[in-house]
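Asks: next input, structure requested:
(one chain, ligands or ions: 2)
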Amino acid sequence: MGDDRVKTGITGLDAMLGGGIPSTDQIIIAGGPGAGKTLISFEILYHNAKAGIPTAFIALEEQPNTVVKNAKQAFPEFTDIDDLINSKLLFVDGEDPASKITPSSDSQTYSFGNVVSEIEGIIKVNNAKVVVIDSISLLKLMLPDKLIYRKSMIALVSNLRRLGVTTILTSEISSYERSRLKFNEEFFIFDGLVTMYQTGEEDKRVFALEIVKLRGSAHSKALSPYDITSQGFRIFTLEQ
Ligand SMILES: Nc1ncnc2c1ncn2[C@@H]1O[C@H](COP(=O)(O)OP(=O)(O)O)[C@@H](O)[C@H]1O
Ligand SMILES: [Mg+2]
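Replies: Ligands and ions are numbered 1, 2, ... in the order given. The predicted structure is shown next:
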(Lines give C-alpha, C1' and ligand atoms only; values in the text may rest on other atoms or scores of the structure.)
(Ligands and ions follow the chains in the order given, each with its own letter.)
Protein backbone atom coordinates (compact mmCIF):
# COMPACT_ATOMS: atom_id res chain seq x y z
CA MET A 1 0.00 0.00 0.00
CA GLY A 2 3.05 2.17 0.38
CA ASP A 3 2.82 5.73 1.54
CA ASP A 4 0.33 6.91 -1.06
CA ARG A 5 -2.53 9.13 -0.03
CA VAL A 6 -6.24 9.26 -0.56
CA LYS A 7 -7.07 12.67 -1.96
CA THR A 8 -10.08 14.41 -0.48
CA GLY A 9 -10.51 16.41 -3.69
CA ILE A 10 -11.51 19.41 -1.58
CA THR A 11 -9.95 22.76 -2.39
CA GLY A 12 -7.47 23.62 0.35
CA LEU A 13 -7.92 20.45 2.39
CA ASP A 14 -5.45 18.21 0.53
CA ALA A 15 -2.79 20.89 0.92
CA MET A 16 -3.53 21.13 4.64
CA LEU A 17 -3.24 17.32 4.93
CA GLY A 18 0.15 17.30 3.21
CA GLY A 19 -1.33 15.70 0.07
CA GLY A 20 -4.32 13.78 1.39
CA ILE A 21 -5.29 11.18 3.98
CA PRO A 22 -2.51 8.58 4.37
CA SER A 23 -3.75 5.38 2.74
CA THR A 24 -5.39 2.87 5.16
CA ASP A 25 -5.48 5.41 7.98
CA GLN A 26 -8.58 5.77 10.13
CA ILE A 27 -9.39 9.40 10.82
CA ILE A 28 -12.09 11.22 12.74
CA ILE A 29 -13.93 14.33 11.63
CA ALA A 30 -15.36 15.84 14.80
CA GLY A 31 -17.61 18.85 15.10
CA GLY A 32 -20.79 20.31 16.44
CA PRO A 33 -24.21 19.80 14.88
CA GLY A 34 -24.52 21.60 11.54
CA ALA A 35 -20.75 22.03 11.12
CA GLY A 36 -20.84 20.06 7.86
CA LYS A 37 -19.40 16.68 8.90
CA THR A 38 -21.87 14.65 6.84
CA LEU A 39 -21.55 16.87 3.77
CA ILE A 40 -17.74 17.07 3.78
CA SER A 41 -17.34 13.32 4.21
CA PHE A 42 -19.91 12.72 1.44
CA GLU A 43 -17.98 15.11 -0.82
CA ILE A 44 -14.70 13.25 -0.19
CA LEU A 45 -16.35 9.99 -1.30
CA TYR A 46 -17.90 11.74 -4.28
CA HIS A 47 -14.49 12.90 -5.59
CA ASN A 48 -12.94 9.46 -5.01
CA ALA A 49 -15.85 7.70 -6.74
CA LYS A 50 -15.50 10.11 -9.65
CA ALA A 51 -11.82 9.06 -9.86
CA GLY A 52 -12.95 5.42 -10.20
CA ILE A 53 -12.28 4.35 -6.61
CA PRO A 54 -15.07 2.27 -5.00
CA THR A 55 -16.41 4.01 -1.89
CA ALA A 56 -19.01 3.29 0.79
CA PHE A 57 -20.95 5.76 2.91
CA ILE A 58 -22.44 4.03 5.95
CA ALA A 59 -25.18 6.22 7.43
CA LEU A 60 -25.89 5.32 11.04
CA GLU A 61 -27.97 8.34 12.03
CA GLU A 62 -29.96 9.27 8.96
CA GLN A 63 -31.66 7.28 6.24
CA PRO A 64 -29.22 6.73 3.35
CA ASN A 65 -31.60 8.42 0.91
CA THR A 66 -31.82 11.49 3.19
CA VAL A 67 -28.02 11.79 3.08
CA VAL A 68 -28.08 11.64 -0.72
CA LYS A 69 -30.98 14.12 -0.97
CA ASN A 70 -29.22 16.64 1.32
CA ALA A 71 -25.95 16.31 -0.59
CA LYS A 72 -27.72 16.92 -3.91
CA GLN A 73 -29.39 20.01 -2.44
CA ALA A 74 -26.17 21.39 -0.99
CA PHE A 75 -24.06 20.61 -4.09
CA PRO A 76 -26.30 21.22 -7.14
CA GLU A 77 -23.21 21.29 -9.36
CA PHE A 78 -22.43 17.64 -8.58
CA THR A 79 -24.85 16.49 -11.25
CA ASP A 80 -23.46 12.94 -11.57
CA ILE A 81 -24.18 11.72 -8.01
CA ASP A 82 -26.88 9.30 -9.26
CA ASP A 83 -24.59 7.97 -12.01
CA LEU A 84 -21.88 7.19 -9.44
CA ILE A 85 -24.46 5.52 -7.18
CA ASN A 86 -25.85 3.46 -10.07
CA SER A 87 -22.37 2.34 -11.12
CA LYS A 88 -21.76 1.29 -7.46
CA LEU A 89 -18.66 3.49 -7.14
CA LEU A 90 -20.56 5.48 -4.55
CA PHE A 91 -22.41 3.05 -2.34
CA VAL A 92 -24.66 4.64 0.27
CA ASP A 93 -26.01 2.21 2.81
CA GLY A 94 -27.33 2.38 6.31
CA GLU A 95 -27.72 0.57 9.53
CA ASP A 96 -29.96 1.50 12.37
CA PRO A 97 -27.98 0.79 15.53
CA ALA A 98 -30.73 2.28 17.68
CA SER A 99 -32.85 -0.73 16.81
CA LYS A 100 -30.13 -2.96 18.22
CA ILE A 101 -29.78 -1.27 21.60
CA THR A 102 -31.14 -3.64 24.17
CA PRO A 103 -31.58 -2.91 27.86
CA SER A 104 -29.37 -5.75 29.08
CA SER A 105 -25.73 -4.74 29.58
CA ASP A 106 -24.54 -8.25 28.62
CA SER A 107 -25.84 -7.73 25.13
CA GLN A 108 -24.12 -4.35 24.63
CA THR A 109 -20.93 -5.72 23.16
CA TYR A 110 -22.92 -8.32 21.22
CA SER A 111 -25.04 -5.59 19.58
CA PHE A 112 -21.99 -3.48 18.86
CA GLY A 113 -20.32 -6.56 17.36
CA ASN A 114 -23.32 -7.01 15.06
CA VAL A 115 -23.15 -3.43 13.83
CA VAL A 116 -19.41 -3.78 13.22
CA SER A 117 -19.79 -7.02 11.27
CA GLU A 118 -22.53 -5.44 9.17
CA ILE A 119 -20.22 -2.49 8.45
CA GLU A 120 -17.50 -4.95 7.41
CA GLY A 121 -20.00 -6.81 5.24
CA ILE A 122 -20.93 -3.62 3.38
CA ILE A 123 -17.24 -2.82 2.79
CA LYS A 124 -16.41 -6.33 1.52
CA VAL A 125 -19.42 -6.72 -0.76
CA ASN A 126 -18.62 -3.42 -2.48
CA ASN A 127 -14.85 -3.84 -2.35
CA ALA A 128 -14.82 -0.26 -1.01
CA LYS A 129 -11.45 1.43 -0.60
CA VAL A 130 -12.59 4.67 1.02
CA VAL A 131 -15.29 4.45 3.66
CA VAL A 132 -17.30 6.90 5.75
CA ILE A 133 -19.04 5.90 8.98
CA ASP A 134 -21.44 8.72 9.92
CA SER A 135 -21.41 8.85 12.88
CA ILE A 136 -19.79 6.92 15.71
CA SER A 137 -21.69 8.91 18.32
CA LEU A 138 -24.55 6.43 18.42
CA LEU A 139 -22.10 3.55 18.79
CA LYS A 140 -20.83 5.38 21.86
CA LEU A 141 -24.37 5.48 23.26
CA MET A 142 -24.62 1.74 22.72
CA LEU A 143 -21.63 1.20 25.00
CA PRO A 144 -22.03 3.37 28.10
CA ASP A 145 -19.17 1.54 29.84
CA LYS A 146 -16.04 3.58 29.00
CA LEU A 147 -13.63 0.66 29.06
CA ILE A 148 -15.84 -1.52 26.86
CA TYR A 149 -16.35 1.40 24.48
CA ARG A 150 -12.62 1.99 24.21
CA LYS A 151 -11.84 -1.69 23.66
CA SER A 152 -14.57 -1.95 21.05
CA MET A 153 -13.30 1.13 19.20
CA ILE A 154 -9.77 -0.30 19.16
CA ALA A 155 -11.21 -3.52 17.70
CA LEU A 156 -13.15 -1.57 15.07
CA VAL A 157 -10.07 0.42 14.04
CA SER A 158 -7.88 -2.68 13.75
CA ASN A 159 -10.55 -4.50 11.72
CA LEU A 160 -10.80 -1.57 9.32
CA ARG A 161 -7.03 -1.47 9.00
CA ARG A 162 -6.96 -5.21 8.31
CA LEU A 163 -9.50 -4.67 5.53
CA GLY A 164 -7.05 -2.17 4.00
CA VAL A 165 -9.60 0.64 3.78
CA THR A 166 -9.13 4.33 4.45
CA THR A 167 -11.92 5.39 6.79
CA ILE A 168 -13.44 8.67 7.86
CA LEU A 169 -15.52 8.40 11.02
CA THR A 170 -17.57 11.40 12.06
CA SER A 171 -18.13 12.29 15.70
CA GLU A 172 -20.43 14.77 17.34
CA ILE A 173 -18.85 17.20 19.82
CA SER A 174 -20.03 20.49 21.25
CA SER A 175 -17.99 23.34 19.83
CA TYR A 176 -17.13 24.77 23.25
CA GLU A 177 -14.98 21.70 23.85
CA ARG A 178 -12.17 23.02 21.64
CA SER A 179 -9.70 23.59 24.46
CA ARG A 180 -10.35 20.14 25.95
CA LEU A 181 -10.46 18.27 22.68
CA LYS A 182 -6.82 17.32 22.45
CA PHE A 183 -7.17 15.41 25.70
CA ASN A 184 -10.28 13.50 24.74
CA GLU A 185 -9.09 9.90 25.17
CA GLU A 186 -11.00 8.20 22.40
CA PHE A 187 -9.26 10.34 19.79
CA PHE A 188 -5.89 8.80 20.64
CA ILE A 189 -7.03 5.53 19.08
CA PHE A 190 -7.33 7.03 15.61
CA ASP A 191 -4.59 8.03 13.15
CA GLY A 192 -5.95 11.49 12.52
CA LEU A 193 -8.35 14.07 13.89
CA VAL A 194 -9.93 16.92 11.97
CA THR A 195 -12.23 19.27 13.87
CA MET A 196 -14.90 21.59 12.48
CA TYR A 197 -16.16 24.57 14.46
CA GLN A 198 -18.92 27.13 14.14
CA THR A 199 -18.16 30.42 15.80
CA GLY A 200 -19.61 33.91 15.77
CA GLU A 201 -23.13 35.22 16.12
CA GLU A 202 -26.20 33.64 14.58
CA ASP A 203 -26.44 36.23 11.80
CA LYS A 204 -22.80 35.92 10.76
CA ARG A 205 -21.62 32.47 11.56
CA VAL A 206 -18.03 31.58 10.77
CA PHE A 207 -17.02 28.02 10.00
CA ALA A 208 -13.42 26.96 10.60
CA LEU A 209 -11.56 23.68 10.36
CA GLU A 210 -8.38 22.44 12.00
CA ILE A 211 -6.19 19.36 11.64
CA VAL A 212 -5.46 18.47 15.24
CA LYS A 213 -3.36 15.43 14.38
CA LEU A 214 -2.33 13.25 11.47
CA ARG A 215 -0.01 10.45 12.43
CA GLY A 216 3.40 10.51 10.78
CA SER A 217 2.59 13.46 8.52
CA ALA A 218 3.49 17.08 8.15
CA HIS A 219 0.20 18.96 8.16
CA SER A 220 -1.21 22.43 8.58
CA LYS A 221 -1.64 23.67 12.14
CA ALA A 222 -3.83 26.58 11.14
CA LEU A 223 -7.47 27.11 12.02
CA SER A 224 -8.81 27.64 8.50
CA PRO A 225 -12.17 29.16 7.60
CA TYR A 226 -14.42 27.29 5.15
CA ASP A 227 -17.52 27.80 3.06
CA ILE A 228 -20.05 25.30 1.78
CA THR A 229 -20.69 26.24 -1.87
CA SER A 230 -22.80 24.72 -4.65
CA GLN A 231 -19.60 23.17 -6.00
CA GLY A 232 -18.43 21.78 -2.69
CA PHE A 233 -16.43 22.83 0.33
CA ARG A 234 -13.89 25.59 -0.06
CA ILE A 235 -11.24 25.86 2.61
CA PHE A 236 -9.26 29.05 2.90
CA THR A 237 -5.69 28.18 3.67
CA LEU A 238 -2.23 29.53 3.04
CA GLU A 239 -0.94 26.08 1.98
CA GLN A 240 -0.92 25.45 -1.75
N1 LIG B 1 -28.41 23.50 0.42
C2 LIG B 1 -27.43 23.97 1.20
N3 LIG B 1 -26.64 25.00 0.78
C4 LIG B 1 -25.67 25.47 1.53
N5 LIG B 1 -25.36 25.01 2.74
C6 LIG B 1 -26.07 24.01 3.21
C7 LIG B 1 -27.13 23.42 2.47
N8 LIG B 1 -27.65 22.43 3.19
C9 LIG B 1 -26.96 22.40 4.33
N10 LIG B 1 -26.02 23.36 4.35
C11 LIG B 1 -25.06 23.65 5.42
O12 LIG B 1 -24.57 22.43 5.90
C13 LIG B 1 -24.73 22.33 7.28
C14 LIG B 1 -25.17 20.94 7.66
O15 LIG B 1 -24.20 20.07 7.20
P16 LIG B 1 -24.11 18.59 7.77
O17 LIG B 1 -23.03 17.95 7.02
O18 LIG B 1 -25.45 17.94 7.74
O19 LIG B 1 -23.69 18.88 9.28
P20 LIG B 1 -23.32 17.85 10.42
O21 LIG B 1 -23.27 16.49 9.81
O22 LIG B 1 -22.00 18.31 10.93
O23 LIG B 1 -24.39 18.00 11.46
C24 LIG B 1 -25.79 23.33 7.66
O25 LIG B 1 -25.49 23.89 8.90
C26 LIG B 1 -25.72 24.34 6.56
O27 LIG B 1 -24.90 25.41 6.96
MG1 LIG C 1 -24.36 14.77 10.17
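
Asks: which bits of the protein sit near ligand 1?
Replies: With C-beta under 6 Å from any ligand atom as the criterion, the chain meets ligand 1 at residues 31, 33, 34, 35, 36, 37, 38, 39, 73, 74, 228. Any C-beta I mention is one placed from the backbone N, CA and C, and that applies to glycine too.

Asks: which one (most neighbours) among these?
Replies: When neighbours are taken as other C-beta atoms under 10 Å, the top entry among those is residue 37 (26 neighbours).

Asks: pLDDT at that residue, what is it?
Replies: Looking at residue 37, its pLDDT is 97.

Asks: same deal with the one 10 residues further on?
Replies: At residue 47, the pLDDT value in this model is 98.

Asks: and if you look at the one 5 residues further on?
Replies: Residue 52 is assigned a pLDDT of 98 by the prediction.

Asks: in the residues of the chain next to ligand 1, find the pair that's most separated.
Replies: Distance extremes for these: the farthest pair is 31 and 73 at 19.7 Å, using C-beta to C-beta.

Asks: you'd agree residue 20 is up against residue 14?
Replies: Yes - with contact defined as C-beta atoms under 8 Å, residue 20 reaches residue 14; the gap is 5.2 Å.

Asks: can you list residues touching both of the two?
Replies: Counting by C-beta atoms under 8 Å, 6 or more residues apart in numbering, the contacts common to residue 20 and residue 14 are 7, 8.

Asks: distance to residue 131 and secondary structure added to the residues of the chain next to ligand 1, as JSON lines?
Replies: Formatted as JSON lines, the residues of the chain next to ligand 1 follow (distance: C-beta to C-beta, whole Å; DSSP: H, G, I helix; E, B strand; the rest coil):
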{"residue": "31", "distance to residue 131": "19", "secondary structure": "strand"}
{"residue": "33", "distance to residue 131": "23", "secondary structure": "coil"}
{"residue": "34", "distance to residue 131": "23", "secondary structure": "coil"}
{"residue": "35", "distance to residue 131": "20", "secondary structure": "coil"}
{"residue": "36", "distance to residue 131": "19", "secondary structure": "coil"}
{"residue": "37", "distance to residue 131": "15", "secondary structure": "helix"}
{"residue": "38", "distance to residue 131": "14", "secondary structure": "helix"}
{"residue": "39", "distance to residue 131": "17", "secondary structure": "helix"}
{"residue": "73", "distance to residue 131": "23", "secondary structure": "helix"}
{"residue": "74", "distance to residue 131": "21", "secondary structure": "helix"}
{"residue": "228", "distance to residue 131": "22", "secondary structure": "strand"}
